[in-house]
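Participant: heads up, no residue letters with this:
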Ligand code: UTP
């Protein structure tokens, strides 16, 4: 999970605090992502972190003193949520010295991943889904191999803000990708299926990231590496089931918070009542 970005869209909040630790109702974004990965069968999570972002890894360590205090005070419900966060998966971190893009962040996990097929999730692409999206991708990978990426339809006049795919539908909501394009002009876009921050990669992707090097903005663009890798392996795009909120943006973050609160039995009623009083 790459968590080493600068989060400039949230400045000044991200000056001294990681965006990935922003809280949607009662859990930080990173915990939702780790929960999704754990529910998809990943029991080892590698964070690609940056100096000053130590709180992210710390969130997943066992805090024995806190657990003891909560136990002594009889706060069993709180103890349970604290224990849950610390025991979700084996979480470790590697460092990205400079934020040179998502491709570069993924490359930092090369040694930790080894030869295994692995998943990537951007914690700020927050997704509410019945079946965790990484699990939806994992199933397609099991059937078809290669790279699998999540996509969602976006309004056609806004495709120039996204990475989009070109492909042929080979099963319900599954496309065999023939091309990936980063931010195409609206009249040249091959589709309106935009790439979302969930991927399954074979370990050979590291080679392609390295070989592809830097692209737009002097960053290692993962889309460019995937495009290059098409020569050697299949890539499938999955129109996932679920709702995505762009928690890298202020409005998306607010919408995610409202969506989660509306699903909470204690908050849903009072929230709806309060919202109805707004003009
Ligand atoms: P974003 O594209 O949202 O970039 O990264 P960002 O830097 O976090 O935010 P803005 O655009 O400046 O507001 C998607 C995910 O990839 C990580 C981020 O931490 C986020 O989880 N990332 C991004 C890295 O780990 N390293 C990078 O070099 C860039």
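Facilitator: Received it, and whenever you're ready, just let me know what you need. All values derive from a computational prediction rather than experimental measurement.
Participant: what about stretch 173-181, distance to the chain center?
Facilitator: Remark: stretch 173-181 is offset 20 Å from the chain centroid, using CA atoms, centre = their mean, to the nearest Å.
Participant: Quick one: the strands in the stretch 1-150 of the chain, in order.
Facilitator: 23-24, 27-28, 44-49, 90-95, 118-121, 125-128, 147-153 (DSSP state E, counting those that start in this stretch).
Participant: Quick one: those strands as CSV, columns for distance to residue 165 and mean pLDDT too.
Facilitator: C-betas here are computed from N, CA, C, even on glycine. Below are the strands of the stretch 1-150 of the chain laid out as CSV (distance: least, CB to CB, whole Å; pLDDT from 0 to 100):
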stretch, distance to residue 165, mean pLDDT
strand 23-24, 28, 97
strand 27-28, 30, 96
strand 44-49, 24, 97
strand 90-95, 29, 96
strand 118-121, 16, 98
strand 125-128, 16, 97
strand 147-153, 6, 98
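Participant: Reformat those as TSV; add distance to residue 172 and mean neighbour count.
Facilitator: Putting these into TSV (distance: least, CB to CB, whole Å; neighbours: other CB atoms under 10 Å) gives the following:
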stretch	distance to residue 172	mean neighbour count
strand 23-24	30	16
strand 27-28	32	18
strand 44-49	30	22
strand 90-95	34	17
strand 118-121	22	23
strand 125-128	19	22
strand 147-153	14	24
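Participant: Include distance to the ligand when you put the ones you listed into a markdown table, please.
Facilitator: Formatted as a markdown table, those follow (distance: least, CB to the nearest ligand atom, whole Å):
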| stretch | distance to the ligand |
| --- | --- |
| strand 23-24 | 14 |
| strand 27-28 | 12 |
| strand 44-49 | 5 |
| strand 90-95 | 10 |
| strand 118-121 | 9 |
| strand 125-128 | 8 |
| strand 147-153 | 14 |
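Participant: any chance of the ones you listed in JSON lines, plus distance to residue 56?
Facilitator: JSON lines is the format used below for those (distance: least, CB to CB, whole Å):
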{"stretch": "strand 23-24", "distance to residue 56": "13"}
{"stretch": "strand 27-28", "distance to residue 56": "8"}
{"stretch": "strand 44-49", "distance to residue 56": "6"}
{"stretch": "strand 90-95", "distance to residue 56": "8"}
{"stretch": "strand 118-121", "distance to residue 56": "14"}
{"stretch": "strand 125-128", "distance to residue 56": "16"}
{"stretch": "strand 147-153", "distance to residue 56": "22"}
